[in-house]
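Peer 1: okay, sequence plus prediction incoming.
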Amino acid sequence: MSLRLAHTADLDPADLDAVHTLLHGAFGDDLTDADWEHGLGGVHALVHDEAGLAAHGSVVMRRARHRGAWLRVGYVEAVAVRADVRRRGLGGRVMAALERYVERAYDLGALGASDDGAQLYSARGWQCWPGRIGALSPDRGIVRLAEEEGCLFVRPGLAGVLDPAHELVFDWRDGDVL
């Protein structure tokens, strides 16, 4: 199996179609057009085997305000493994490649996790954010994202400088904000 790292700009239409197909296989109708867009514009980790694309994940830049300062956030998106090769370490391989970018290029790593995904991220040392979460809405100012609390994971290297007594306020985006 081979691992390839590439920016969205370096992926050809066939690569993007393969990623989209993989994500649809993993998330079904829960994958919206906004979800698809959220995973674009950053660095992709793609694992291929003899059958094609086996695993994928991407890291994109976002902003989050904490304690009055805006942080550059490496936000992990679109992590999926093809059904026939799950539980073989491919998700961990994708995450290891993305974590390198997060640790070297950003102030903070973050991701929104499903219940299934939370196991992978916790096992890799990501920590569930215990504080409040908000987003800077285009028309209502800062809005609390209470339904997302308990689902946001942060990278531990920087989590130690974060204070859960102060909320994390993310930039706004269409669809699911986190």
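Peer 2: The structure has been received and is ready for your questions.
Peer 1: C-alpha only now, for contacts and for neighbours.
Peer 2: OK.
Peer 1: for the strand or helix carrying Leu120, buried residues please.
Peer 2: Element membership of Leu120 [criterion: DSSP states H and E] is helix 115-123. For helix 115-123, the neighbour count (16 or more other CA atoms under 10 Å) marks 118, 120-121 as buried.
Peer 1: got it, and stretch 13-31?
Peer 2: So, applying 16+ other CA under 10 Å, buried residues of stretch 13-31: 18-20, 22-24, 26.
Peer 1: of these, which belong to helices?
Peer 2: 18-20, 22-24, 26 (DSSP state H).
Peer 1: export those residues as CSV, with columns for distance to Gly41.
Peer 2: Shown next, in CSV, are those (distance: CA to CA, whole Å):
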residue, distance to Gly41
Ala18, 16
Val19, 14
His20, 14
Leu22, 18
Leu23, 16
His24, 19
Ala26, 21
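Peer 1: state the pair within these that is farthest apart.
Peer 2: Ala18 and Ala26 (12.3 Å; CA to CA).
Peer 1: one step back: avg pLDDT for the helix holding Leu120?
Peer 2: The average pLDDT within helix 115-123 is 90.
Peer 1: after that helix, which helix or strand is next?
Peer 2: From helix 115-123, the next helix or strand downstream (DSSP H and E) is strand 127-128.
Peer 1: by contact count, what packs against that following strand?
Peer 2: Secondary-structure packing of strand 127-128 (3 or more CA pairs under 8 Å, 6 or more residues apart in numbering; DSSP states H and E): strand 152-154.
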